[in-house]
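A.B. asks: Pasting a predicted model and its sequence here:
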Amino acid sequence: FNTIDDMDLAGKVVLTRVDVNVPVENGQVTDATRIEKIVPTVKDIQAKGGIPVLLAHFDRPKGQRVDAMSLRQIVPSLEAALGQEVVFADDCIGGPAKRVVAALKPGQVALMENTRFHAGEEANDATFAASLAALGGAYVNDAFSAAHRAHASTEALARLLNAGAGRLMEAELKALDAALGDPQRPVMAVVGGAKVSTKLELLTNLVEKVDHLVIGGGMANTFLVAKGVEVGKSLAERDMADTARAILEKAEATGCKIHLPVDIVVAREFKAGAASETLPVDQCPADAMILDAGPDTVEALRQAMTACKTLIWNGPLGAFEIEPFDAATNAAARAAAELTAQGALVSVAGGGDTVAALNKAGAAESFTFISTAGGAFLEWMEGKTLPGVAALEAARR
Ligand code: 3PG
């Protein structure tokens, strides 16, 4: 696909799709990471003489104007990140939008109201896309984290204007390609989370692509059940045991080594500071639940990781949001951070929970790349085509 470098933007209004779907509490942005990450794209468009007009969604208003989901509330954070005033337009199409855009001067930047206030956005509607296209002379998509949605501002619009990828989109795809596309081997994937059922496609795709697959969190319990290990009151999807067995067999056939817990941290209650004990994996009491992997598991994982060159991580290893059940996730994250800092490992992580866990462990900064994406990161790891990326690729021809 084209990048900003390939595009003639001088004097043009550049419709720039960004993802500023950030957490907000009482009208205040609580994590501005996604906002900060779009700054290079905005600046580079301006440096080429283009006027960035930002298109974005916020939350899920389902085609209605919902005041609490207005993008106006992120304007102060966007202004702080860009270090300049941001012009806000009350609607992303129609008369008011046209008037705001027509008054913009080179050096300025505008943010248009939530594209999802129009039903045409999520319907990937051609007429709505044409109304967006009428505002600008070029299109840049910098919203990797929304690229798994085939919506008008992420998909149809790319076919209507000269289109290219923004800097964050480029960086995300490059990092993911380094981890799974053409990686340095051996490759380890760490996949955690509550349920096998929600990550089935991911696990199935990964056993074909990686050399080591570490399974953590609640889904590890399902695999233990599949191997005939008793897990007491642990969260486990017993009806998924056959599926888990099929994944284990596939891994055996493809030469992917699966890592499951060898020791476990169990408790009778799921609350902060609950009395816990560490036991061999096959000794979970009938009235207890597994809430984390134990230190021997972490040590085995650290050793396997040391022999790897590439790591891709999605999902915590235990109930990381509650102490002391964050220990395995923290220790494994720090091991990965250390190996990365030594230059021995390329490490890539994504997904909301995962990034929160790595931040909590103080490990995120040392990772090679932390994706801003949740759903899009997962779908990419699953081997799916992302419509927003495919549209940019088609636009190149
Ligand atoms: C995200 O937050 O992952 C993206 O902005 C996509 O949001 P959506 O899941 O509401 O489409």
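C.D. replies: Right, received. Where do you want to start? Predicted model, so just to flag it, every value in this text is computed and none were measured.
A.B. asks: neighbours around the residue of the chain found nearest the ligand, how many?
C.D. replies: The nearest approach of the chain to the ligand comes at N21, 3.5 Å away (CB to the nearest ligand atom). For glycine as for every other residue, the C-beta is placed from the backbone atoms N, C-alpha and C. When neighbours are counted by other CB atoms under 10 Å, N21 registers 22.
A.B. asks: mind listing what it touches?
C.D. replies: Taking CB atoms under 8 Å, 6 or more residues apart in numbering, we find N21 in contact with R34, A56, H57, F58, D59, S145, A146.
A.B. asks: which stretches of the stretch 251-397 of the chain form strands?
C.D. replies: Assigned by DSSP state E, counting those that start in this stretch, the stretch 251-397 of the chain shows strands spanning 257-259, 263-267, 276-280, 289-293, 310-314, 346-349, 369-370.
A.B. asks: Please enumerate the helices of the stretch 51-200 of the chain.
C.D. replies: Counting by DSSP state H, counting those that start in this stretch, one finds helices in the stretch 51-200 of the chain at the ranges 75-82, 94-102, 119-122, 126-133, 167-176, 200-209.
A.B. asks: likewise the stretch 251-397 of the chain?
C.D. replies: Here the stretch 251-397 of the chain has its helices, by DSSP H, counting those that start in this stretch, at 295-306, 327-341, 352-360, 375-381, 387-396.
A.B. asks: Break this protein into its domains for me.
C.D. replies: Domains of the chain are assigned by automatic domain parsing as 4-165, 173-381.
A.B. asks: Put together CSV for these, with mean pLDDT on each row.
C.D. replies: Listed next are the domains of the chain as CSV, based on pLDDT from 0 to 100:
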stretch, mean pLDDT
domain 4-165, 97
domain 173-381, 95
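A.B. asks: mind checking which of those domains is nearest A390?
C.D. replies: The stretch from those with the least distance to A390 (CB to CB) is domain 4-165; that distance is 8.1 Å.
A.B. asks: Show the end-to-end separation of that closest one, please.
C.D. replies: Start-to-end span of domain 4-165 (CA to CA, to the nearest Å) is 7 Å.
A.B. asks: do the same with stretch 143-155
C.D. replies: 11 Å.
A.B. asks: Likewise for stretch 20-28?
C.D. replies: 13 Å.
A.B. asks: From the chain's centroid, how far away is that stretch?
C.D. replies: Stretch 20-28 sits 17 Å away from the centroid of its parent chain (CA atoms, centre = their mean, to the nearest Å).
A.B. asks: out of the helices of the stretch 251-397 of the chain, nearest to P40?
C.D. replies: Of all these, helix 387-396 comes closest under CB to CB, at 17.4 Å.
A.B. asks: which residues sit against the closest one?
C.D. replies: Helix 387-396 is contacted from outside by 1-2, 17, 141, 143-144, 146-150, 154-156, 158-159, 162-165, 169, 173, 376, using CB under 8 Å, 6+ apart.
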